[in-house]
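**Q** predicted model and sequence follow; I will ask about them next.
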Amino acid sequence: VSALGAALTARGPDFATPALGLLCDRLGRYAPMLAFGALLLPVALALIAFTDGNLWPATVLTGISYSLVPAVMWALASRLVAPERFGTAVGLMFVVQNAGISAANVIAGWLNDRAGAGADTPAGLLFALLLWYTAGRREQEAVTHAR
C-alpha cells in the first residue's frame, strides 16, 4: 500500500496538472483557482500536523494544491506576459519557486536545531551512519575523483 501511495503522490500530478489546467481554461476563472490551490496546502499541512487519522485526505489535498497552482500560473503567465518576455517570466517563476524551497529548507533546519535534532540523537546517529555507509563507498569516491 505504501508503494502505491508513493507512486500516486509522485505520478499523480503528471496527469492532474494538465487536467486542472484544462479545467481552468474552460472555466476562465484563474485567480479564484489560484487562491483555492494556495489555500489547500496549509489545510493539508494542518491535517498532517493536528490529526491522528488517515493521511490520504492530506495527501490528496497536497497533490491537488501542487497540481493546481502550477497549472494556473503557467496559464496566467502565457496570457499576461508579452510573448517576447515569456522566457524571462518563466525563469522568474522558477527563481521564486526555488527561493521558496530554499527558505523552507532553512526553516526546517532551524526547527530541527530548536528541537535538538541531530547526529547525537539515536535516530539521527543511525541515519548519519547509514548515509556514511552508503555514500562513503570507495567505489563511489573513485568514480567521483576520476572525473
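**A** Thanks, I have the structure now.

**Q** next, the buried residues of stretch 21-37.
**A** Residues 21, 24, 30, 33-34, 37 are the ones in stretch 21-37 that count as buried (16 or more other C-beta atoms under 10 Å). In this view, the C-beta of every residue, glycine as well, is placed from N, C-alpha and C.

**Q** quick one: contacts of it?
**A** Residues outside stretch 21-37 that contact it (C-beta atoms under 8 Å, 6 or more residues apart in numbering) are 20, 64-65, 67-69, 71-76, 79.

**Q** how far does that stretch stretch from one end to the other?
**A** Taking C-alpha to C-alpha, to the nearest Å, the first and last residues of stretch 21-37 lie 12 Å apart.

**Q** in the chain, where's the longest helix?
**A** Longest helix in the chain by number of residues, with DSSP state H as the criterion: helix 86-115.

**Q** so for that helix, what gets flagged as buried?
**A** Buried residues in helix 86-115, counted by 16+ other C-beta under 10 Å: residue 89.

**Q** then stretch 41-60?
**A** Within stretch 41-60, the residues scored as buried using 16+ other C-beta under 10 Å are 41, 44, 47, 58-59.

**Q** between those, which is nearest residue 107?
**A** Nearest to residue 107, judged by C-beta to C-beta, of the buried residues of stretch 41-60 is residue 41 at 14.7 Å.

**Q** so who does the closest one touch?
**A** Here residue 41 is in contact with 61-62, 65-66 (C-beta under 8 Å, 6+ apart).

**Q** kindly report the same for residue 133.
**A** By C-beta under 8 Å, 6+ apart, residue 133 lies in contact with nothing.

**Q** distance from stretch 31-47 to the middle of the chain?
**A** The chain centre lies 14 Å from the centre of stretch 31-47; the measure is C-alpha atoms, centre = their mean, to the nearest Å.

**Q** closest to residue 96 among the contacts of stretch 21-37?
**A** residue 73 (10.0 Å).

**Q** mind listing what's buried in the one helix or strand the closest one maps to?
**A** Following DSSP states H and E, one finds residue 73 within helix 56-80. Residues of helix 56-80 classed as buried by neighbour count (16+ other C-beta under 10 Å): 58-59, 61-76.

**Q** return stretch 46-55 as PDB; C-alpha atoms alone will do.
**A** Extracted in PDB, the C-alpha atoms of stretch 46-55 (Å, rounded to 0.1, in the frame of the first residue of the first chain):
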ATOM      1  CA  ALA A  46      -2.700  21.200   9.300                       C
ATOM      2  CA  LEU A  47      -4.400  17.900   8.700                       C
ATOM      3  CA  ILE A  48      -1.000  16.200   8.800                       C
ATOM      4  CA  ALA A  49       0.100  18.100  12.000                       C
ATOM      5  CA  PHE A  50      -3.000  18.000  14.100                       C
ATOM      6  CA  THR A  51      -4.900  14.800  13.300                       C
ATOM      7  CA  ASP A  52      -4.100  11.200  14.100                       C
ATOM      8  CA  GLY A  53      -6.300   9.800  11.300                       C
ATOM      9  CA  ASN A  54      -5.600   8.600   7.900                       C
ATOM     10  CA  LEU A  55      -3.200  10.700   5.900                       C
END
